[in-house]
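>>> Let me see the structure of the following:
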Amino acid sequence: MSSTTVRQAAIFAVTSCRSIEKPLSFLETPAKEIFGSNTFGDAVMRDRLPKSVYQALQQTIRNGRRLDPGAADVVATAMKDWAIEKGATHYAHVFYPLTGLTAEKHDSFLAPDGNGGAIAEFTGRQLIQGEPDASSFPSGGLRATFEARGYTAWDVTSPAYLMENPNGTTLCIPTAFCAWTGESLDNKTPLLRSMQALNRQAQRLLKLFGEDESEYVYATAGPEQEYFLIDRNFYFARLDLTICGRTLFGERPAKGQEFEDQYFGTIPERVLAYMHDVDRQLYKLGVPVKTRHNEVAPSQYEIAPVYENANVAADHQHVVMTILRSTAAKYGLVCLLHEKPFAGINGSGKHLNWSLGTTKMNLLEPGHTPHENMQFLVFCLAAIRAVHRWAKLLRMTVAYSANDHRLGANEAPPAIVSVFLGDMLTEIFERIENGGDSRAKAAGMLEIGVDTLPPLPKDAGDRNRTSPFAFTGNKFEFRAVGSSQSIAAPLMVLNTIMAESLDDIATKLEKSARGDRAKIAAAVKEVLKSVFKEHKAVIFNGDNYAAEWHAEAARRGLPNYRNTVEALEAIAGDEAAAALFEKYGVLSKREFRSRVEIAVERYAKDINTEARLCHDIARSIVLPAAYRYQGELASTAAAMKQAGREADLSSLDRMTGLVSALEKAVADLELAVDSKGNGSPIERAKRCRDSIIPSMTLVREIADRLEGIVADDLWPLPTYQEILFIR
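Coordinates of the predicted model:
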């Protein structure tokens, strides 16, 4: 079958697609009844565990107390019985290595009984500890190839859950993953460490404000996941999508997103059926998904949860990505999580809503009178200080090749890390700095001017969708996080830099108040004044896309690392950053440097993979199509000449020029890819950025021009117009 026939068959398959899934019915089983039904959560534990064991577990989950190992056998038996009753045959320690993906090792519950039969067995030791091979995951030099021993350790704070498959069910146990040396090889371990550090420093401040018996303070998170859905027939007809997750070729369609008619539009029936299925599965797993809607670009959508404990939210985000991908096949679709699957239209992010608090209070909740809420102002200012002081680290957490395609474009925040506070909070802090009354304007009511519509409560400040780190009412939204990445690393950095900031402010207040709570109010005002003055340069409430802001940011001394290589190079030798993580017990210096090295190596691997595929598609698919059309033009010109008519050779000349240019560009790309180069990992990454990417870009530019010229029946690749608009 020719490539053109494959393309036509894909279009036919898309237009005639019908879901094979039986329609879901929330009438038979309401959503509230299935929520958490496949989770070994609080209700199941309370029902199945002895009271003493249940209470011990709750002390660990809610207050960070060390778990009694003796309880493990009891929990394991209860967990096994519950899982088997629900059809489970295997259990899996699920962990999150530095690939950014989910990993799991499955083991059967069955064990030989010695009499030719089998019994179901699951011990406390099997629950607490697993042993996957640690040598085949990225380690950044922490592990040599022959140093293979690694351990997974049960994370009791994140509920175990059941993953259903048409042919069986598996009990999934969230775990941390470390080497035989005890060094972290995953994203969960440092996240948990950072949450401990955050709690310790937050407790110091709360004690100063009179909260002597404060509950455990934990970070909360709620990531908004953007994604594309396309028909799987188009997906499998595009090697670049199947291997790289994005299109390496593709001329801009006649219509993109310029009409602004996709955003929050009516969800297509096929897509809505898929969304219902995704929601149902996530409800069973206790994932508190709340929102779904069309996003800005054609065929782009979003799902967002209510925010929850940051560690659980990070685990749930991996589950969400897994369910989004696996469910799509049921409806003849493919879910694309790449940050920029299609050039010329918006890419996808994962806006990370972050806050901190206890089960009783949100420490970033300003209340109705934030100017009087000194505790809120201190925690808010600590976050501002953290972002200003450690902007490099935040930029590092979102630095990888796929995110380079969207950061700085008019669809995502720029690489300059700044904070949006809004007019009211900015005014409060400015008044404090100037020694005046901290009162600011009230929110008031919004009058729409239509009698039948009710007056609406009006926030005191607008929202800013161009800011990378924006205060949005009772939380901050880190908008630079990419759609495909784990949120664990950004959360780990946010928690750590916040812990350092709280430590600094608490130390200042303790020194000023000297244990006298009567002096705390005056001390707080002085600290707010001095810290705001030192770190207010990071606050910007305007248009982050404007060229004027980039110039202003440079004058303020804010760093602007425009691509991954710049960001990673800046942090690689930063001793202060390494010392920060070591001080708060989050990462040792070796662990920190290993993560930077892994990120640098991953960048080079990504670019080299894309470059090799770009070369292969251009050489074996695009050029042959161009040759065929060039031949048709030449035959037409020869026939015209033989008939005694003058032929217009402009089209043939244009094709010949483009074909020649593409042949040269492909040869240059091949040379760039083959020039391996020596030097450090960062030097190899620079070669990818400075040599390979420009060569790929040129190949694409010429190929895309050819797409607009070559006869449609000869063009082999499904086009943007077909992929994005035929549903």
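>>> Apart from its chain neighbours, what residue comes closest to the spatially most central residue of the chain?
With distances taken as CA atoms, centre = their mean, the residue of the chain nearest its centroid is residue 485 (3.8 Å). Leaving aside its chain neighbours, residue 485 sits nearest to residue 100 (5.7 Å; criterion: CB to CB, 6 or more residues apart in numbering). (C-beta placed from N, C-alpha, C; glycine too.)
>>> partners of the top strand by length along the chain, with directions?
Looking across the chain with DSSP state E, the single longest strand is strand 218-231. Strand 218-231 has these partner strands in its sheet, going by DSSP bridges: strand 300-305 (antiparallel), strand 308-309 (antiparallel), strand 333-336 (antiparallel), strand 350-357 (antiparallel).
>>> for residue 509, helix, strand, or coil?
Secondary structure assignment for residue 509 (DSSP: H, G, I helix; E, B strand; the rest coil): helix.
>>> Run through the residues that contact residue 48.
Contact analysis of residue 48 by CB atoms under 8 Å, 6 or more residues apart in numbering lists 78, 81-82.
>>> Most neighbours among those residues, which one?
With neighbours taken as other CB atoms under 10 Å, the top of these is residue 78, carrying 20 neighbours.
>>> can you tell me how far that residue sits from residue 50?
Distance of residue 78 to residue 50, given as CB to CB, to the nearest Å: 9 Å.
>>> Poorly predicted segments of the stretch 251-400 of the chain, please.
371 (pLDDT under 70).
>>> Contacts for the helix or strand where residue 706 lies, please.
In the assignment (DSSP states H and E), residue 706 maps to helix 693-707. Outside helix 693-707, the residues within contact range by CB under 8 Å, 6+ apart are 248-252, 607, 610-611, 614-615, 618, 622, 625-626, 655, 658-659, 661-662, 665-666, 668-669, 672, 715, 717, 719.
>>> And the contacts of stretch 628-641?
Contacts to stretch 628-641, defined as CB under 8 Å, 6+ apart, come from residues 646-647, 649, 651-652, 655-656, 659, 709-711, 714.
>>> now, which of the residues you listed sits nearest residue 88?
For those, the closest approach to residue 88 (CB to CB) belongs to residue 714, at 53.2 Å.
>>> Tell me how far that closest one lies from residue 681.
43 Å.
>>> Then residue 510?
43 Å.
>>> what do you get for residue 693?
17 Å.
>>> mind checking which of the strands paired with strand 218-231 is nearest residue 104?
Of all these, it is strand 333-336 that lies closest to residue 104, at 19.6 Å by CB to CB.
>>> starting at the chain centroid, how far to that closest one?
From the chain centre to the centre of strand 333-336 is a distance of 17 Å (CA atoms, centre = their mean, to the nearest Å).
>>> swap in stretch 487-494?
Its chain's C-alpha centre and that of stretch 487-494 lie 10 Å apart, by CA atoms, centre = their mean.
>>> how about the nearest residue to residue 249, chain neighbours excluded?
With sequence-adjacent residues excluded and distances taken as CB to CB, 6+ apart, residue 249 is closest to residue 703, at 5.1 Å.
>>> Residue 418 is in contact with residue 540, isn't it?
Yes. If you go by CB atoms under 8 Å, residue 418 and residue 540 touch, sitting 4.4 Å apart.
>>> Give me the more crowded residue out of the two.
More neighbours surround residue 418 than the other of residue 418 and residue 540, with 27 against 23 (other CB under 10 Å).
>>> Show the contacting residues for the more buried one.
Going by CB under 8 Å, 6+ apart, residue 418 touches 387, 467-469, 538-540, 544, 553, 558.
>>> What about the residues you listed, which are in helices?
Mapping these onto helices (DSSP state H) picks out 387, 553.
>>> quick one: which of the contacts of residue 418 is nearest to residue 580?
Using CB to CB, residue 387 is the member of the contacts of residue 418 that lies nearest residue 580, at 13.9 Å.
>>> In terms of helices and strands, where is the residue lying closest to residue 97 once chain neighbours are set aside?
Spatially, and ignoring its direct neighbours in sequence, residue 97 is nearest to residue 137 (4.3 Å; CB to CB, 6+ apart). According to DSSP H and E, residue 137 maps onto no helix or strand at all.
>>> what's the answer for residue 99, then?
Using DSSP H and E, no helix or strand contains residue 99.
>>> Can you report how many residues neighbour the nearest residue to it once chain neighbours are set aside?
With CB to CB, 6+ apart as the criterion, residue 99 has its nearest non-adjacent residue at 6.2 Å, and that residue is residue 138. Close neighbours of residue 138, defined as other CB under 10 Å, add up to 19.
>>> Can you turn the buried part of the contacts of helix 693-707 into a PyMOL selection?
The PyMOL command for the buried members of the contacts of helix 693-707 (criterion: 16 or more other CB atoms under 10 Å) is given here:
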select buried, resi 248+249+250+251+607+610+611+614+615+618+622+625+626+655+658+659+661+662+665+666+668+669+672+715+717+719
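>>> List the ones among the contacts of helix 693-707 that fall in helices.
Judged by DSSP H, the contacts of helix 693-707 include 607, 610-611, 614-615, 625-626, 655, 658-659, 661-662, 665-666, 668-669, 672 as members of helices.
>>> so where's the stretch 501-650 of the chain uncertain?
Where the stretch 501-650 of the chain drops to pLDDT under 70, the residues are 515, 517.
>>> Please enumerate the helices of it.
Secondary structure of the stretch 501-650 of the chain by DSSP state H, counting those that start in this stretch: the helices cover 520-535, 547-556, 564-572, 575-583, 589-617, 623-642, 650-674.
>>> So what touches the fourth one?
Right, the one you point to is helix 575-583. 190, 390, 392-393, 496-497, 500, 571, 587-589, 591-593.
>>> can you give me the angle it makes with helix 564-572?
70 degrees (axes from the mean of the first three to the mean of the last three CA atoms, to 10 degrees).
>>> Now a PyMOL select for only the buried ones of the contacts of stretch 628-641.
Buried residues within the contacts of stretch 628-641, by 16+ other CB under 10 Å, are selected in PyMOL with:
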select buried, resi 647+652+655+659+709+710+714
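>>> tell me the least confident of the contacts of stretch 628-641?
By pLDDT, residue 647 ranks lowest within these, coming in at 78.
>>> and it, how far is that from residue 653?
Using CB to CB, one gets 11 Å for the distance from residue 647 to residue 653.
>>> ok, so of the contacts of helix 575-583, who is nearest residue 88?
The shortest approach to residue 88 among these belongs to residue 190, at 30.4 Å (CB to CB).
>>> what's near enough to touch that closest one?
184, 488, 492, 581, 586-587, 591.
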